[in-house]
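Trainee: just coords:
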């Protein structure tokens with residue numbers, strides 16, 4: 001059995017961390033180390049995980065005084081991992097007992113494997129839908145699938161330490177799980193295991209819930225067109241720089257998209273829509289829309305930044 005390092009990023013997670021830790025300790029795959037990287041919590045999270053560590057020698061706690069945000073916190077946690085395989089964990093989910101075992105048995109020669117997740121409420125009651133109801137969860141071995149969207153959640157994935165070594169450092173403004181999925185698509189690819197092995201909590205403090213606030217909050221926190229454009233351009237530039245020259249056709253397409261993001265002009269908007277339309281089969285593969293809806297989506301990219 002290969003060692004699997006479970007990296008848990010915590011920040012003020014005292015309300016749910018006990019449930020998640022217990023579900024990880026109950027895994028049928030026993031050769032694991034649990035690395036907790038705390039991003040300067042000011043609640044009782046450290047006290048709770050310290051009590052767990054006293055009973056379980058495979059739990060290692062690293063409490064940091066400086067808050068760096070979830071992307072860089074996971075990066076420093078993976079740096080500390082000793083396993084051949086890495087599994088990332090949020091602080092407020094619940095894992096099925098067979099999650100690691102099934103992902104290990106499915107990864108084969110892929111760089112990354114991931115599963116489905118069921119949406120639940122604060123008390124782990126099923127809400128009737130899952131990640132697969134919001135996006136197409138796919139196998140992939142082309143970077144074009146990840147230019148505009150991501151379907152790989154960090155909490156649902158298992159990947160090789162060598163993938164991380166190839167992908168670090170994590171770029172700013174790009175979620176770490178999106179970046180890892182993109183880099184995996186450049187190498188040995190990624191595999192989707194069609195089973196819901198995680199219960200993903202909906203509550204006011206997590207990312208999914210924060211994307212479902214009322215319209216007033218959305219409007220208040222809405223990013224400007226210039227800010228959106230800057231972030232998209234930054235992402236595409238990083239994707240282009242990371243794409244190896246051997247993938248000539250893919251790099252040519254990404255270059256065309258990159259050039260179309262040089263500014264928000266009439267000619268570049270037309271170019272962006274044209275190149276995305278020509279390659280829509282792969283670029284919109286994750287997008288859970290029918291063909292007509294995808295056409296409208298691309299047409300809207302002439303006026304909006306996606």
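Mentor: Okay, I see it. What you see is a predicted model, and the numbers here were worked out from it, not measured in a lab.

Trainee: C-terminal to the helix or strand harbouring residue 24, what's the next element?
Mentor: Remark: residue 24 resides in helix 17-25, with elements defined by DSSP states H and E. Past helix 17-25, further along toward the C-terminus, the next helix or strand under DSSP H and E is strand 32-39.

Trainee: within the sheet, what are the partner strands of that next one, with directions?
Mentor: strand 4-10 (parallel), strand 59-64 (parallel) (DSSP bridges).

Trainee: quick one: it to helix 17-25, angle?
Mentor: Counting by axes from the mean of the first three to the mean of the last three CA atoms, to 10 degrees, strand 32-39 lies at 150 degrees to helix 17-25.

Trainee: and the contacts of the next helix or strand after strand 32-39?
Mentor: Downstream of strand 32-39, the next assigned helix or strand under DSSP H and E is helix 45-55. Helix 45-55 has contacts (CB atoms under 8 Å, 6 or more residues apart in numbering) with 10-14, 17-18, 21, 25, 36, 38, 59-61, 63, 91. (Each C-beta comes from the backbone N, C-alpha and C, glycine too.)

Trainee: buried subset of these?
Mentor: By neighbour count, with 16 or more other CB atoms under 10 Å, the contacts of helix 45-55 hold 10-14, 17, 21, 25, 36, 38, 59-61, 91 as buried.

Trainee: list the contacts of residue 33.
Mentor: By CB under 8 Å, 6+ apart, the contact list for residue 33 reads 3, 4, 5, 6, 58, 59, 60, 81, 82, 83.

Trainee: do I have it right that the second one meets residue 101?
Mentor: No: because the distance of 9.6 Å does not satisfy CB atoms under 8 Å, residue 4 is recorded as not touching residue 101.

Trainee: and the residue most central in space within the chain, what pLDDT?
Mentor: Most central in the chain under CA atoms, centre = their mean is residue 177, positioned 2.8 Å from the mean C-alpha point. Looking at residue 177, its pLDDT reads 98.

Trainee: would you mind giving the secondary structure of it?
Mentor: Under DSSP: H, G, I helix; E, B strand; the rest coil, residue 177 falls in the helix class.

Trainee: need the contact list for it.
Mentor: Residues near residue 177 by CB under 8 Å, 6+ apart: 88, 150, 152, 153, 154, 157.

Trainee: change it to 6 Å
Mentor: Contacts for residue 177 (CB atoms under 6 Å, 6 or more residues apart in numbering) come out as 152, 153, 154.

Trainee: highest neighbour count among the residues you listed?
Mentor: residue 152 (28 neighbours; other CB atoms under 10 Å).
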